[in-house]
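*Asks:* have a look at this prediction, sequence included:
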Amino acid sequence: DAGVTQSPTHLIKTRGQQVTLRCSPKSGHDTVSWYQQALGQGPQFIFQYYEEEERQRGNFPDRFSGHQFPNYSSELNVNALLLGDSALYLCASISYGRANYGYTFGSGTRLTVV
Amino acid sequence: AQTVTQSQPEMSVQEAETVTLSCTYDTSESDYYLFWYKQPPSRQMILVIRQEAYKQQNATENRFSVNFQKAAKSFSLKISDSQLGDAAMYFCAWPLNYGQNFVFGPGTRLSVLP
């Protein structure tokens, strides 16, 4: 049973560029959340997608946008990159079953903006 | 504000000994879950243990157990018989809005000394 897969694993971009990160949720999961984790800090919630709609959003600017496809996979897009966007971006899919409620995380995409 | 606090940025433990990591949270909700996640250098967040707030019994998973004090809003993680592979960042997390948004603490870096 495949877990959450993210691509690419590492990425280097220049300030002002745009980037797209991809995520496939765990089999059977239909909800995807994205988190930004700066070095040495806990993950910060960006947004969550369910049924191809953004359902909840954290305190991130509109430069951060996303999409969910009919197969539940998701993309995170960041426009006009800033140095401060350098971070580990984590994707998670969620199980709402009472017995196994919780997130399954991918290994993340390390984005470096130079 | 609904927050999660981990007051120990770093901790160390001797192999085979026991260590306790602290977490406090702030919520007005009555029915919720609490989680401990582990993040080794490989970056992937791994679920360690989950506690349902309505259950009085503390959760246990092999060498990992929690001390859940609902009135005090405290949720500590005890690791018994520590192993070298336990070395990682540990994050306490709590889901807001029925899991649409997980709030993570700042993390505790655990070192295991041989």
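*Replies:* Structure's in. What do you need?
*Asks:* can you say which helix or strand has residue 47 in it?
*Replies:* No chain specified, so I'll use chain A. strand A:44-50 (DSSP states H and E).
*Asks:* hmm, I had chain B in mind actually
*Replies:* Residue B:47 belongs to strand B:46-52, assigned by DSSP H and E.
*Asks:* by contact count, what packs against the longest strand seen in chain A?
*Replies:* Of all the segments of type strand in chain A, defined by DSSP state E, the longest one is strand A:87-95. If you count contacts as 3 or more Cβ pairs under 8 Å, 6 or more residues apart in numbering or on different chains; DSSP states H and E, strand A:87-95 packs onto strand A:5-7, strand A:19-24, strand A:31-37, strand A:74-78, strand A:102-105, strand A:109-113. C-betas here are computed from N, CA, C, even on glycine.
*Asks:* how far does it sit from the chain's center?
*Replies:* 5 Å (Cα atoms, centre = their mean, to the nearest Å).
*Asks:* ok so, going back, most neighbours per residue, which of the helices and strands packed on strand A:87-95?
*Replies:* Highest mean neighbour count of these: strand A:31-37, a mean of 24 (counted as mean count of other Cβ atoms under 10 Å in any protein chain shown).
*Asks:* got the angle between it and strand A:44-50?
*Replies:* Angle, strand A:31-37 to strand A:44-50, by axes from the mean of the first three to the mean of the last three Cα atoms, to 10 degrees: 170 degrees.
*Asks:* contacting residues around the strand holding residue A:47?
*Replies:* Identification of contacts with strand A:44-50 by Cβ atoms under 8 Å, 6 or more residues apart in numbering or on different chains yields A:30-38, A:54-60, A:64, A:66-68, A:74, A:76, B:100-104.
*Asks:* what's the average pLDDT for that strand?
*Replies:* Here strand A:44-50 scores 95 as its mean pLDDT.
*Asks:* now do stretch B:62-71
*Replies:* Rounded mean pLDDT across stretch B:62-71 is 94.
*Asks:* can I get the helices and strands packed on strand A:87-95 in a markdown table with mean pLDDT and distance to chain B?
*Replies:* Output for these, formatted as a markdown table (pLDDT from 0 to 100; distance: least, Cβ to the nearest Cβ, whole Å):
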| stretch | mean pLDDT | distance to chain B |
| --- | --- | --- |
| strand A:5-7 | 97 | 10 |
| strand A:19-24 | 98 | 13 |
| strand A:31-37 | 96 | 7 |
| strand A:74-78 | 98 | 15 |
| strand A:102-105 | 89 | 4 |
| strand A:109-113 | 98 | 8 |
